[in-house]
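Enquirer: Need a 3D model of the sequence below.
(chains A and B)
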Number of protein chains: 2
Amino acid sequence: MQTKLDIGKSSNIKTNAENMAKHHKEISVSEFFLKNRHLLGFDNPRKALLTTVKEAVDNSLDAAEEAGILPVIIVNMTAVKDAVDRYTILIEDNGPGIVKANVPRVFGKLLYGSKFHRLKCSRGQQGIGISSAGMYGQLTTGKAVRVWSRIDKNKPAEYFELVIDTKSNEPQVLKQESVEWDKDHGTKVIIELEGKYLKGRQSVDDYLKQVAIANPHAHIIYDSPLERLEFPAIVKQLPKEPKEIKPHPYGVELGILMKMLKDTKARNLAGFLKSDFCRVSSKVAKEICDKAKLYVNARPSRIALQEVDALYRAIQETKIMSPPTDCLVPIGEDILVKGLKKEISADFYAAVTRPPSVYRGNPFQIEVSIAYGGDIPADNLVKILRFANRVPLLYQQSACASYNAVLNTAWRNYNLSQSKGALPIGPVVIMVHMSSVWVPFTSEAKEAIASYPEIIKEMKLALQECGRKLGLHIRSVKKSQQEAKKKGYIEKYLPHIGIGLKEILGFSDKDEAKLLETLKDVLERSRQ
Amino acid sequence: MQTKLDIGKSSNIKTNAENMAKHHKEISVSEFFLKNRHLLGFDNPRKALLTTVKEAVDNSLDAAEEAGILPVIIVNMTAVKDAVDRYTILIEDNGPGIVKANVPRVFGKLLYGSKFHRLKCSRGQQGIGISSAGMYGQLTTGKAVRVWSRIDKNKPAEYFELVIDTKSNEPQVLKQESVEWDKDHGTKVIIELEGKYLKGRQSVDDYLKQVAIANPHAHIIYDSPLERLEFPAIVKQLPKEPKEIKPHPYGVELGILMKMLKDTKARNLAGFLKSDFCRVSSKVAKEICDKAKLYVNARPSRIALQEVDALYRAIQETKIMSPPTDCLVPIGEDILVKGLKKEISADFYAAVTRPPSVYRGNPFQIEVSIAYGGDIPADNLVKILRFANRVPLLYQQSACASYNAVLNTAWRNYNLSQSKGALPIGPVVIMVHMSSVWVPFTSEAKEAIASYPEIIKEMKLALQECGRKLGLHIRSVKKSQQEAKKKGYIEKYLPHIGIGLKEILGFSDKDEAKLLETLKDVLERSRQ
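Expert: Numbering: from 1, shown residues only, chains lettered A, B, ... in the order given. Down below sits the predicted model:
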């Protein structure tokens, strides 16, 4: 800090702070994401279709499940007449609907929603998705988002046309009216946008197929621009309802702790610890307070920075039970295999659901399933199907913790060939699922899971467990292939030996047949 | 759309829209990034140190260069006494300073800055970086950010202590006063934060070393917790000053066009096209208006949606010159090689600066340099050094366009071994630099470049060009190795032939020596 600076003289300055200050300006969150729309999954017209469908379907599934309704979702994608690369996307569900007052901000404001401030397994978690799809539509076609919502058969449906004012990040309602709808409750949204429809990998078709694999309780009717694809529900029961949990003390940082102390409704410190966190009993609360040298009856809002620091340290030093894990909703080994079987024709399947674990105080659970052989191409790198809270992740594979985990598993141990720094090669499809109350995505588009060490570790353990099963299978396949080859030799040459022996020893046909029978038996037993 | 839904009856609904509406809530941008701090590069304590230094140094370099000052930057990182994993980071520059009124928001508000609304090559571009570092410090230590700024030797320096109110995303100034400072102009910031100091790959040391490679005009004095590292400027001249450009018509989307028409100060359509875009002459403006069937004198704010659509299409159908490229600031082939040589001891160097190109209307330019052999380990995957506008990118390599481009270049053509889906293997370091008025990063932490097809294409062309030079070098090295081997054989066996001939033919020592000389000459010539 003592270094004397070799600075240019003031008179040399080409422009100065006052000139530069004129450029300083606030940036609205909508402007930011408009310019950085690839962060939201709107990199290009093809992906824009996928992202829009994804955000709407995620919301529909979340809402229906939360309301205890078996989801039925209609997706309709139509090319706009006389326009190039322009589509109308309609998504309609049988969910509980959205109350009239909230519709504009749900669809017309970034960073608004019901899921951000809760810790609960859900597909959405940011309050950005569907409004960003609307904003992209508006950006590329100038058209408003159209929304129908009905929350009760005794009330009319409400219809909205709205756009986002990107300078203020607030919705602007262009039209609102009560309308007829032949449906008791549900939500329907129509967005017109620039897009490019292609089938194949990373397409909307591919996405909905994978949604059906991980959500066998959902009924999806999809009219692509070319054909109707229907995915009927094969399970007539909703998954276990995910529970909301309080944050775990170990996952809370000093700054958040300060904020929580200011905001809490609890009147004293012990009450605060018990009511605002999970897994803190009266006994644990007292232990923490004692260690921090604070009174259990202290007023939370009166605690000074130094004391918060002591409290924070005391939490880290106190043994606290891991967060509850009944808030997690794994797919389960059975349904994982069923899902893969439905989709991929292979010779061998295996699945592993790991026990729950914790990263930064957030409970999570990893599941892996594997399909091998059959129709899967044998000479390609293995294919990875990635899911987070049952949502398929189609982009940014190499940025994902799951890719990282597959790459860093020693597949040669399980009889697959693998080059340095590459995925293994073989007729293999690997599915990785993470269920968590908070999935740490690497971008707002929620395409890849961040590589927290705890997450990678669990993924690797699951992959290794599946890998061992796979390795055994491949070994036994190889062994029986060798045996079949050997058996082939026996069957090919045995008759010739018979003819030879018959000529040399003058056997009858009957003797020859008997001898060959015995010989074959002896030879085959020697292969065991 | 006609499908009749198989919906659950209303009475079955477990919760309803009104209950769910209670959870709907606005999310402030600070809260969002606080919870998603890995998006800003604060995934873990080690990376937090790097990101903090990076954001501050980026700002210092940008400001000094804009003011025409050769940058001298002091970085000081000190472990906080009696604390675990806690550091004080100080960054001080000789730049133009920041005017008093703007300091709080530059350091205490996310999405505030001078670079977002301009198209100009600069390191910062979002208005998030330094304030997010302050927010992270506040989150993990509860401590305020301390800032000194002086803009003129005739004015005092101004000192601030400030925090971010995360609920409103506004700065809260805890202390402000005029102070003495033995410096005419500059900015100094001190942030206390949770961190972990480690040397090696992806460390602050590594980062500053790479900064020095790509910014040989900067003088950096770095006190790490262990030692002083100094990187003196080896070039006494600032890089060419980057120019600000207007957006190019091809890169503007319909929605932005609508917004620009509303916001413009131009009084008529032709004037708007000429003043608010680059590369639009009166002639081009008239051509666009004619194609769109709009009057050149039409009032921009009065143009209806249908007409904007026609205007948008007319722009796409009109031939408009590519955006100017003198706004780009490549490092240059010479300095690229100098930089690599300074850092990496190798046998062979090559560099290529591609001509400028355009993605989504934004000019950009790709540069690649390669070092081969020497001290570089031969059995590892090649090492990639990535830069965007001279800023080293240390994380998220596999999510980066440059990785993608290296992976999808056929290195076997250039005599390197490469497995399917993997980087090539060999004693190679590849440096990739992108200069652009707007670098499309895959996340707010600016760690990887998004894979736009135009960017990948340019990177691959540059890699291939360098690859060909490398291939020639490797071939000639291999050839001379083989020759050396052959020469080795000749030298090994020739004396024995000499002895044999001497015995058989009875040569004298002199004759033998002469014969061997001639024989060696003949044999070596036959190798040519």
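
Enquirer: which stretches of the stretch 301-450 of chain A form helices?
Expert: Applying DSSP state H, counting those that start in this stretch to the stretch 301-450 of chain A gives helices spanning A:305-317, A:333-343, A:401-407.

Enquirer: Name the nearest residue to the residue in the stretch 401-528 of chain A that chain B sits nearest to, ignoring sequence neighbours.
Expert: Closest contact between the stretch 401-528 of chain A and chain B, by CB to the nearest CB, is at A:S419 (3.1 Å). C-beta here means a position set from N, CA and C on the backbone, and glycine is covered the same way. Distances taken as CB to CB, 6 or more residues apart in numbering or on different chains place B:S419 nearest to A:S419, at 3.1 Å, with adjacent residues excluded.

Enquirer: Go ahead and confirm that neighbour touches A:A422.
Expert: Yes. With contact defined as CB atoms under 8 Å, B:S419 counts as touching A:A422 (5.1 Å).

Enquirer: Which positions in stretch A:341-350 come out as buried?
Expert: Across stretch A:341-350, burial judged by 16 or more other CB atoms under 10 Å in any protein chain shown covers A:E343, A:I344, A:A346, A:F348, A:Y349, A:A350.

Enquirer: what bridges to the last one?
Expert: Pointing back at A:A350 there. With DSSP bridges as the criterion, A:A350 is bridged to A:I370.

Enquirer: Isn't A:N362 up against A:P324?
Expert: No. Using CB under 8 Å, A:N362 is not in contact with A:P324, being 11.8 Å away.

Enquirer: neighbour-wise, which of the two wins?
Expert: Using other CB atoms under 10 Å in any protein chain shown, the more surrounded residue of A:N362 and A:P324 is A:N362, with 23 against 15.

Enquirer: Who are the contact partners of the more buried one?
Expert: The contact partners of A:N362, taken as CB atoms under 8 Å, 6 or more residues apart in numbering or on different chains, are A:L119, A:H248, A:G251, A:P323, A:S436, A:V437, A:W438.

Enquirer: For the last one, give me its contacts.
Expert: When you say that, I think you mean A:W438. A:L119, A:Q125, A:N362, B:K35 are the contacts of A:W438 under CB under 8 Å, 6+ apart.

Enquirer: For the residue nearest to A:A298 when sequence neighbours are not counted, grab the count of nearby residues.
Expert: Leaving aside its chain neighbours, A:A298 sits nearest to A:L269 (4.5 Å; criterion: CB to CB, 6+ apart). Other residues within reach of A:L269, judged by other CB under 10 Å, total 26.

Enquirer: Where do the helices of chain A begin and end?
Expert: Along chain A, counting by DSSP state H, helices occupy A:17-21, A:29-35, A:45-66, A:103-108, A:129-141, A:204-214, A:254-263, A:269-276, A:282-291, A:305-317, A:333-343, A:401-407, A:453-505, A:509-526.

Enquirer: Same list (the ones you listed) but as JSON lines, adding distance to B:K143 and mean pLDDT.
Expert: Shown next, in JSON lines, are those (distance: least, CB to CB, whole Å; pLDDT from 0 to 100):
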{"stretch": "helix A:17-21", "distance to B:K143": "26", "mean pLDDT": "80"}
{"stretch": "helix A:29-35", "distance to B:K143": "27", "mean pLDDT": "85"}
{"stretch": "helix A:45-66", "distance to B:K143": "38", "mean pLDDT": "94"}
{"stretch": "helix A:103-108", "distance to B:K143": "35", "mean pLDDT": "92"}
{"stretch": "helix A:129-141", "distance to B:K143": "35", "mean pLDDT": "92"}
{"stretch": "helix A:204-214", "distance to B:K143": "44", "mean pLDDT": "92"}
{"stretch": "helix A:254-263", "distance to B:K143": "10", "mean pLDDT": "89"}
{"stretch": "helix A:269-276", "distance to B:K143": "22", "mean pLDDT": "96"}
{"stretch": "helix A:282-291", "distance to B:K143": "23", "mean pLDDT": "96"}
{"stretch": "helix A:305-317", "distance to B:K143": "8", "mean pLDDT": "91"}
{"stretch": "helix A:333-343", "distance to B:K143": "47", "mean pLDDT": "87"}
{"stretch": "helix A:401-407", "distance to B:K143": "32", "mean pLDDT": "96"}
{"stretch": "helix A:453-505", "distance to B:K143": "27", "mean pLDDT": "85"}
{"stretch": "helix A:509-526", "distance to B:K143": "79", "mean pLDDT": "74"}
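
Enquirer: which of the ones you listed sits most buried?
Expert: Among the helices of chain A, helix A:129-141 has the highest mean neighbour count (mean count of other CB atoms under 10 Å in any protein chain shown), at a mean of 26.

Enquirer: which residues make contact with that one from outside it?
Expert: A:30, A:33-34, A:37, A:40-42, A:48, A:51-52, A:54-56, A:58-59, A:86, A:106-110, A:112, A:143-145, A:162-164, A:166, A:189, A:191-194, A:444, A:446, B:253-256.

Enquirer: quick one on the thing from earlier: which ones among the contacts of A:N362 are found in strands?
Expert: The strands, defined by DSSP state E, take in A:S436 from those.

Enquirer: mind listing what the most centrally placed residue in chain A touches?
Expert: By CA atoms, centre = their mean, chain A has its centre lying nearest to A:A388, at 1.7 Å. Residues in contact with A:A388 (CB under 8 Å, 6+ apart) are A:H433, A:M434, A:S435, A:S436, A:V439, A:F441, A:K446, A:I449.

Enquirer: burial count for the fifth one?
Expert: I take that to be A:V439. 21.

Enquirer: Chain neighbours aside, what residue packs nearest to it?
Expert: A:A388 (4.6 Å).

Enquirer: any idea how far that neighbour is from A:E65?
Expert: Applying CB to CB, to the nearest Å, the value for A:A388 to A:E65 is 16 Å.

Enquirer: what's the answer for A:C278, then?
Expert: A:C278 is 22 Å from A:E65, by CB to CB.

Enquirer: Kind regards, and thank you for your time.
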